[in-house]
Structures are given as C-alpha cells and as structure tokens.
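*Asks:* Return atomic coordinates for the entry below.
(one chain, ligands or ions: 3)
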Amino acid sequence: MSPEGIGEQKLVYGEAGYVLEDVPHLTDFIPDLPTHTNPLQDNQAYSVVKQYFVNMDDTVAQKIVVHKSSPRGTHFRRAGPRQRVYFESDEVHACVVTCGGLCPGLNTVIRELVCGLAYMYGVSKILGIEGGYRGFYARNTITLTPKSVNDIHKRGGTILGTSRGGHDTSKIVDSIQDRGINQVYIIGGDGTQKGASVIFEEIKRRGLKVSVVGIPKTIDNDIAVIDKSFGFDTAVEEAQRAINAAHVESESVEYGIGVVKLMGRYSGFIAMYATLASRDVDCCLIPESPFYLEGKGGLFEFIEKRLKENGHMVLVVAEGAGQELIAESMRFMDHEDASGNKLLLDVGLWLSQKIKNHFSTKKNITLNLKYIDPTYMIRAIPSNASDNVYCTLLAQSALHGAMAGYTGFTVGPVNGRHSYIPFYRVTETQNQVVITDRMWARLLSSTNQPSFLSQKMVEDARQEEEHPTQLLDGEEDSRNHNGVVLLS
Ligand SMILES: Nc1ncnc2c1ncn2[C@@H]1O[C@H](COP(=O)(O)OP(=O)(O)O)[C@@H](O)[C@H]1O
Ligand SMILES: O=P(O)(O)OC[C@H]1O[C@](O)(COP(=O)(O)O)[C@@H](O)[C@@H]1O
Ligand SMILES: [Mg+2]
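*Replies:* Ligands and ions are numbered 1, 2, ... in the order given. I've put the predicted structure just below:
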C-alpha cells in the first residue's frame with residue numbers, strides 16, 4: 001500500500017531482495033497506445049553508438065556499497081532513449097515551466113530541452129510558460145525554438161520567469177488540456193516536485209495522454225535520492241570569491257573578522273563544500289549542527305583563540321544556521337513566503353552584531369568585522385562548465401523518458417547514472433548534511449573548529465559508530481544519505 005498522499009507505488013520485486021521502484025507509464029491508465037520507431041535510430045550522430053538504446057530491463061541501484069549477504073535493495077529505472085516511443089514527432093506539443101527560487105543552470109536546462117526535442121525527436125511545438133505555475137492560467141506563453149534559446153545558457157536566471165505560490169491544480173490541468181499540451185517539463189525544487197506530483201495525479205484521473213516530467217532544481221542541494229542538483233557546483237565555485245574577499249579584508253587589518261553568509265535554508269551543503277574547497281575558512285556554521293556562543297567550547301571562545309593565534313579569521317555561515325538562537329534572542333514570530341517556506345532571520349547580521357558586542361563589552365577589543373552577503377549574487381550567475389554538461393544530461397534524460405511514455409517522475413543521477421525516480425521519493429524527505437558522517441568530520445578536521453556537540457551527542461555518535469556508519473540496503477535509514485557527494 002502507498003503511504004498517504006503519494007499516489008500509487010509501482011514496485012517490482014526480484015531475486016535476493018531486489019526491488020524496482022518504478023515510475024508510472026501512460027499505458028498504466030491509457031491501454032492500447034500505439035508505439036513508433038524511435039527517430040534517433042536514423043540520427044547520424046547517435047546511430048553509430050553501440051547499444052544506444054537503453055535496455056528495458058536496465059535499472060540503477062540506490063546503494064552501491066554492499067556486503068556479501070546484503071539484499072540487493074532499491075533500484076530505479078535507468079534513464080535514456082528507448083527503441084519504441086509513444087509520441088510521433090508532429091504529435092508532440094511540449095511545454096516548459098520554471099518554479100521556485102533561481103538557480104544557476106535554469107536557462108541551460110530550458111535550452112537543452114528545446115534543442116533536444118527539436119534535434120533528436122523533430123518536435124516543433126514547444127511552449128514556455130511564463131512566471132512559474134501561475135503562468136499556466138494567469139500569464140502569457142512564449143514559443144521556444146532552438147534559435148530563440150541558442151544563447152540563453154550564458155545568462156543567469158530563467159528566461160521564462162519564476163514564482164512562489166499560485167499552484168492551482170485544476171486550473172493548471174485545464175490549461176494543459178485546453179492548449180493541447182501533451183508533454184509537461186517542470187523545473188523546480190521540492191515544492192515544485194510536490195506540485196508536479198498532484199498535476200500528474202489529476203492528469204491521470206482525467207485519463208489524458210500527457211507526460212509530466214520533473215527536473216529537480218535547488219541551489220541548496222537538498223533534494224533527496226539524487227547525487228547532487230545542478231547549480232550546486234557553480235554556487236560552491238562562486239562562493240570562493242566572497243570567501244577570498246573576506247580573507248583579504250580580515251588579514252589586512254588588526255582583529256579582522258570576515259563573515260560570509262551562503263545559501264542553505266535547511267541544509268548546509270554549499271557552506272560545507274565552499275569551506276572545504278577554500279581552506280581559508282576558520283569556522284563553518286550550518287543548520288544541521290546547532291552551535292552556541294558563550295562559555296566553554298562556544299563560538300566566542302574559539303574566535304578569541306583564533307584571533308590570538310592568527311590575528312584574523314573567516315567565518316562562513318549558512319543562512320539557516322542558528323535560527324533557534326536568533327528566535328530566542330529576538331522573540332520572532334514565524335513567517336512564511338507564498339509557497340509556505342519559513343522566512344529566515346538574517347543570521348549573518350545577527351551573528352556579526354553578537355560577536356562585535358561580545359568583544360567590545362567583555363574583552364575591550366574593537367573588532368574589524370566585515371560582513372559579506374553574496375547569496376543573491378551567487379544565485380543569479382550562469383552555470384559553470386560542469387553544470388552545463390550536467391544540465392544537458394538532465395534535459396536529455398527527461399525528454400527521452402517522456403517520449404518513451406513514462407510520466408509522473410523526476411529525473412536525476414543516482415550513483416552517477418541518470419534514473420527515473422517516482423515523485424514521492426524526492427518529496428518525502430530533504431537531504432541534509434549528516435554531522436556524524438565522514439564529510440562533516442573532514443570539515444571539522446580541516447578548520448579545527450569546535451564541534452559544538454554536547455557530551456550526550458558525542459556519546460550517541462560514539463554508540464552509533466559501534467554499528468556500521470554506512471547503512472546497507474535493507475537496513476533502516478531515517479537519515480538521508482546523499483551517496484556520491486557525501487560518502488567516501
Ligand atoms: N505541497 C505542494 N503542493 C503543490 N504545490 C506546491 C507545494 N509546495 C510548493 N508548491 C508550489 O511549487 C512552486 C515552487 O515551490 P517553492 O517551495 O517556492 O520552491 P521550490 O520548488 O524551489 O522548493 C510554487 O508555485 C508552490 O506553490
Ligand atoms: O528570496 P527567495 O526567492 O525566497 O529565495 C531564498 C531561498 O531560495 C533558496 O536559494 C532555494 O530555495 P528553493 O530551492 O526553495 O528555491 C534558499 O536557499 C533561500 O532561502
Ligand atoms: Mg524548496
């Protein structure tokens with residue numbers, strides 16, 4: 001039986017504990033759909049590739065570290081072109097929409113969807129929905145052609161515009177139906193994928209031949225199951241510029257401190273990777289690792305020690321870090337944005353003020369503190385080279401899946417192989433940095449900052465160590481490991 005609110009699960013069991021968590025297919029609710037030969041068969045670039053078409057039985061394992069006797073565990077359907085397709089080229093009427101916050105690479109995904117559909121499958125009807133979900137019923141559409149999108153990957157943002165809130169499922173599906181759209185590509189984060197999932201359910205209920213495909217977007221890298229999200233690499237790279245500036249500023253003056261705030265509402269991946277990459281950072285604070293300011297083992301004590309040793313220091317803080325501390329000291333009321341996401345208090349400003357006050361009142365030291373908030377500057381840049389290639393693979397995997405009749409899925413790499421993942425798997429949890437894993441330990445060891453863990457937390461972590469740190473298939477895992485990025 002499916003957990004509440006996730007629709008029907010399609011599970012296929014095999015030998016030795018093998019489970020395929022399959023994605024829906026148009027033929028699940030529209031029987032006897034005709035199939036056609038994949039036009040890529042005659043494409044001069046691809047026809048020379050040995051085994052270009054993906055074998056129908058190919059699946060991708062979610063966990064690749066196993067023991068001799070481990071069950072084979074969860075698998076996902078491998079992405080890629082199929083020999084038979086369920087749409088003829090001139091029958092396809094595709095649309096693309098971008099929702100939620102900006103992220104480097106949105107335009108690249110749009111470009112590659114349009115070029116892939118046009119050049120690989122001969123599709124000529126592609127619409128861009130403007131301004132996010134609400135654009136389906138409240139805004140204009142724009143016609144997308146390979147020519148019109150040719151240069152857009154060099155620009156940040158999204159040429160389609162985006163929004164939060166405004167998801168009205170029946171109005172969206174009415175609009176899809178009225179316009180005769182039969183492939184819907186939805187680029188967005190966890191909220192967007194939840195929205196895509198209900199759109200798919202409504203389309204299924206109405207029995208429409210429409211493929212709904214989610215392409216995961218989040219600069220925070222907090223989408224479950226997939227190795228990492230596009231734009232994350234670009235963000236980590238761009239963050240280096242801010243960290244460098246903070247370092248230069250702080251080492252040029254007496255008692256210099258540079259504070260850099262980076263994005264990461266619930267997860268500190270950008271802050272953690274930017275810190276590990278830079279090597280100029282003395283302390284990194286993330287939402288997953290609570291910290292405290294005063295007393296033994298606290299942040300103030302550490303800052304004092306670093307200043308004594310080096311004369312300056314750089315602190316990186318993820319925007320979601322320390323929110324409970326700020327709320328305590330400011331008696332803040334909960335506020336939400338249009339999509340229901342919690343609005344955060346500015347931890348960078350708050351922390352800077354607290355540090356300055358502490359040193360001037362308690363230590364009689366006037367710090368030279370510079371606070372840098374590059375968050376929106378990072379989010380607004382175009383994707384870097386490696387994200388561009390990644391966006392291309394995502395877009396192509398997405399459109400191959402739609403052409404093959406799959407629907408109601410999100411696409412993304414699992415252990416390096418692009419896969420079709422049921423919506424519920426990417427919306428039921430969010431990825432977070434696991435502070436008892438090796439990667440966070442590497443960070444602690446590289447900055448030599450305090451862990452801020454209470455004695456009890458250390459004991460709990462030790463106890464856990466007596467069991468295998470990397471849980472194996474079939475074992476209970478409430479923590480959400482992000483295989484390739486996080487585990488060594
Ligand atoms: N549970 C949900 N069901 C339907 N739509 C949702 C849900 N959560 C968010 N959305 C819609 O998805 C879009 C983007 O969500 P948001 O949380 O702002 O960004 P992101 O997709 O990046 O997480 C918004 O238009 C919002 O209304
Ligand atoms: O100012 P906005 O548009 O609400 O965006 C801020 C938020 O967007 C993010 O960059 C990403 O969030 P989403 O993945 O939900 O778009 C967060 O890190 C940040 O808190
Ligand atoms: Mg979100």
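*Asks:* all contacts plus neighbour counts: C-alpha atoms, from now on.
*Replies:* OK.
*Asks:* Kindly list the main-chain dihedrals of Thr145?
*Replies:* Listed backbone geometry of Thr145 is phi -130, psi 160, with angles given as degrees, to the nearest 10.
*Asks:* Once you drop chain neighbours, what's closest to it?
*Replies:* Leaving aside its sequence neighbours, Thr145 sits nearest to Val114 (Cα to Cα, 6 or more residues apart in numbering; 6.4 Å).
*Asks:* my read is the one you found is in a strand, agree?
*Replies:* No - going by DSSP: H, G, I helix; E, B strand; the rest coil, the assignment for Val114 is helix, not a strand.
*Asks:* For ligand 1, see how far away it is.
*Replies:* According to Cα to the nearest ligand atom, to the nearest Å, Val114 stands 21 Å off from ligand 1.
*Asks:* is it true that that residue touches Leu144?
*Replies:* Yes - applying Cα atoms under 8 Å, one finds Val114 in contact with Leu144, separated by 6.8 Å.
*Asks:* neighbour count winner among these two?
*Replies:* Neighbour totals were compared for Val114 and Leu144, and Val114 leads with 31 against 22 (other Cα atoms under 10 Å).
*Asks:* what pLDDT does that one get?
*Replies:* Per-residue confidence (pLDDT) for Val114: 98.
*Asks:* again, but for Asp473
*Replies:* Looking at Asp473, its pLDDT is 41.
*Asks:* and what of Ala338?
*Replies:* For Ala338, the model assigns a pLDDT of 88.
*Asks:* so for stretch 258-278, what's the average pLDDT?
*Replies:* 97.
*Asks:* Can you confirm whether that stretch lies near ligand 2?
*Replies:* Yes - Stretch 258-278 is in contact with ligand 2 by Cα under 6 Å from any ligand atom, via Met263, Gly264, Arg265.
*Asks:* Identify the bridge partners of His25.
*Replies:* Beta bridges link His25 to Tyr406 when assigned by DSSP bridges.
*Asks:* That one: what's it in contact with?
*Replies:* Shown in contact with His25 (Cα atoms under 8 Å, 6 or more residues apart in numbering): Gly405, Tyr406, Thr407, Gly408.
*Asks:* Looking at the residues you listed, which two lie furthest apart in space?
*Replies:* Gly405 and Gly408 (10.2 Å; Cα to Cα).
*Asks:* Give me the common contacts of the two.
*Replies:* Jointly contacting Gly405 and Gly408 under the rule Cα under 8 Å, 6+ apart are His25, Ser211.
*Asks:* So between the two, which is more surrounded?
*Replies:* Gly408 (28 against 24).
*Asks:* Report the separation between the more buried one and Leu33.
*Replies:* 17 Å (Cα to Cα, to the nearest Å).
*Asks:* How about Cys283?
*Replies:* Applying Cα to Cα, the value for Cys283 to Leu33 is 58 Å.
*Asks:* quick one, which of those two is more surrounded?
*Replies:* Remark: of Cys283 and Leu33, Cys283 carries more neighbours, 24 against 11, as counted by other Cα under 10 Å.
*Asks:* The residue nearest to the more buried one when sequence neighbours are not counted in helix, strand or coil?
*Replies:* Excluding its sequence neighbours, the residue lying closest to Cys283 (Cα to Cα, 6+ apart) is Leu315, at 4.9 Å. The three-state label given to Leu315 by three-state DSSP is strand.
*Asks:* Surely Leu315 and Asp282 touch.
*Replies:* Yes - counting by Cα under 8 Å, Asp282 is a contact partner of Leu315 at 5.9 Å.
*Asks:* Strands of the stretch 51-200 of the chain, residue ranges please.
*Replies:* Secondary structure of the stretch 51-200 of the chain, counting by DSSP state E, counting those that start in this stretch: strands at 59-61, 73-78, 84-85, 93-98, 125-129, 141-143, 183-188.
*Asks:* again with the stretch 201-350 of the chain
*Replies:* Listed in chain order, the strands of the stretch 201-350 of the chain (DSSP E, counting those that start in this stretch) span 211-216, 256-262, 283-285, 312-318.
*Asks:* With distance to Glu328 added, can I get those in CSV?
*Replies:* Shown next, in CSV, are the strands of the stretch 201-350 of the chain (distance: least, Cα to Cα, whole Å):
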stretch, distance to Glu328
strand 211-216, 34
strand 256-262, 20
strand 283-285, 18
strand 312-318, 18
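*Asks:* can I get those in JSON lines with distance to ligand 1?
*Replies:* Shown next, in JSON lines, are the strands of the stretch 201-350 of the chain (distance: least, Cα to the nearest ligand atom, whole Å):
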{"stretch": "strand 211-216", "distance to ligand 1": "8"}
{"stretch": "strand 256-262", "distance to ligand 1": "16"}
{"stretch": "strand 283-285", "distance to ligand 1": "22"}
{"stretch": "strand 312-318", "distance to ligand 1": "17"}
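*Asks:* related to what we said a few turns ago, pick the one among the contacts of His25 closest to Tyr18.
*Replies:* Taking Cα to Cα as the measure, Tyr18 lies nearest Tyr406 of the contacts of His25, at 21.4 Å.
*Asks:* For the closest one, list the residues it contacts.
*Replies:* Tyr406 makes contact with Val23, Pro24, His25, Leu26, Ser211, according to Cα under 8 Å, 6+ apart.
*Asks:* can you pull the contacts of whatever residue of the stretch 1-150 of the chain ends up closest to ligand 2?
*Replies:* Ligand 2 sits closest to Gly101 of the stretch 1-150 of the chain, with a gap of 3.3 Å, by Cα to the nearest ligand atom. By Cα under 8 Å, 6+ apart, the contact set of Gly101 is Thr162, Ser163, Arg164, Thr218.
*Asks:* In PyMOL, how would I select just the buried ones from those residues?
*Replies:* The PyMOL selection below is limited to those of the contacts of Gly101 classed as buried (16 or more other Cα atoms under 10 Å):
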select buried, resi 162+163+164+218
